[in-house]
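sequence? don't have it. structure:
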């Protein structure tokens, strides 16, 4: 039976990316050595990093004056590194979910933090609008896609101060105007690579402005100067990312990924809205095209476990919703094809007929 991987992260990767990475783990570049055991400073590996950086810049149309870094620690470490490097006195944050809240908590250790708006009052079921960003803030931080709750900011906002974004789960799913940001970061295990890699796009001239001492490993300048090689980087995940970047380019780039994302989301949301058993959990105008969350309608709540079993038996993997929302979550990242979403829709329709 074919499996359809809707896991929120670590998540689905294109099959050819998995196979290429697995092959390199057996024999990297004909060297007779595994990718897992070569030196990160080996002459054969530096071109992997260089090509991955070049593709990053090409696919996202990153302007001159920005560096692409491959680090460890996940987005959770960036919650600390961002204010360490950019917060001198005050920062503004938009609170749209668990990860935004965690970023706010870390930033408060470095200066004043203004929460410009929050949707916590309705379990983060919408993206706040109409808020004011303090003109004297050092930066404004947003989380573009909220994996747990299924909301997304799928546009580049206008901000009177430098903008920073956590794009862990929607990077490479749409074109981005990188020039609007001084820093974009994220864990790679949702839409870029396997777990163990963090990407950072940072504006070079924005670094080095704060007066505090920054520990060497937490200073972006260290990694800009070292080309992500100051210490041993996550070698295998970087190679996996390169293969995935090649796959994205071969399949039409971020414009094509954007089109695929909307096609998948429109198909599944249409069924959620039509099917009498289910309903969406967020405001329609703020629905994520990456993480599609839905629950049983109240009168059918007792069928939730039955549907989970029913869908699992038909190959649906990872559709259980996060505990803070409940119900179901179908994560539809770049590598998910329309066939997988159609299979889930078929499950929902078949289950509806039975009940």
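Thanks, I have the structure now. Remember, predicted model here, so these are calculated numbers, not experimental data. Numbering: from 1, shown residues only.

okay, now residue 156: neighbour count?
Other residues near residue 156 come to 18 when the count uses other Cβ atoms under 10 Å. The way it works is simple: take the backbone N, C-alpha and C, and place the C-beta from them, glycine included.

I should have written residue 353 there, sorry.
Each residue near residue 353 was counted by other Cβ under 10 Å, and the total is 6.

same question for residue 66.
A count of nearby residues for residue 66, using other Cβ under 10 Å, gives 22.

report the contact partners of it.
The contact partners of residue 66, by Cβ atoms under 8 Å, 6 or more residues apart in numbering, come to 57, 178, 201-204.

go again using 7 Å as the cut-off
The neighbours of residue 66, taking Cβ atoms under 7 Å, 6 or more residues apart in numbering as the test, are 178, 201-204.

residue 7 now?
Shown in contact with residue 7 (Cβ under 7 Å, 6+ apart): 317-318, 331.

likewise for residue 154?
For residue 154, the contacting residues are 174, 289, by Cβ under 7 Å, 6+ apart.

most centrally placed residue in the chain?
The structure's the chain has its C-alpha centroid closest to residue 169; by Cα atoms, centre = their mean the separation is 1.6 Å.

tell me the secondary structure for it?
Per DSSP: H, G, I helix; E, B strand; the rest coil, the local secondary structure of residue 169 is coil.

how far away is it from residue 196?
In this structure, residue 169 and residue 196 are 16 Å apart, going by Cβ to Cβ, to the nearest Å.

how about residue 313?
Applying Cβ to Cβ, the value for residue 313 to residue 196 is 32 Å.

if you count surrounding residues, which of those two has more?
More crowded of residue 313 and residue 196, by other Cβ under 10 Å: residue 196, with 19 against 10.

my read is that that one contacts residue 239, right?
No - between residue 196 and residue 239 there is no contact under Cβ atoms under 7 Å: 11.2 Å.

please tell me how far residue 264 sits from residue 271.
Computed as Cβ to Cβ, the residue 264 to residue 271 distance reads 12 Å.

more neighbours: which of those two?
Neighbours per residue (other Cβ under 10 Å) separate residue 264 from residue 271, with residue 264 holding more: 24 against 20.
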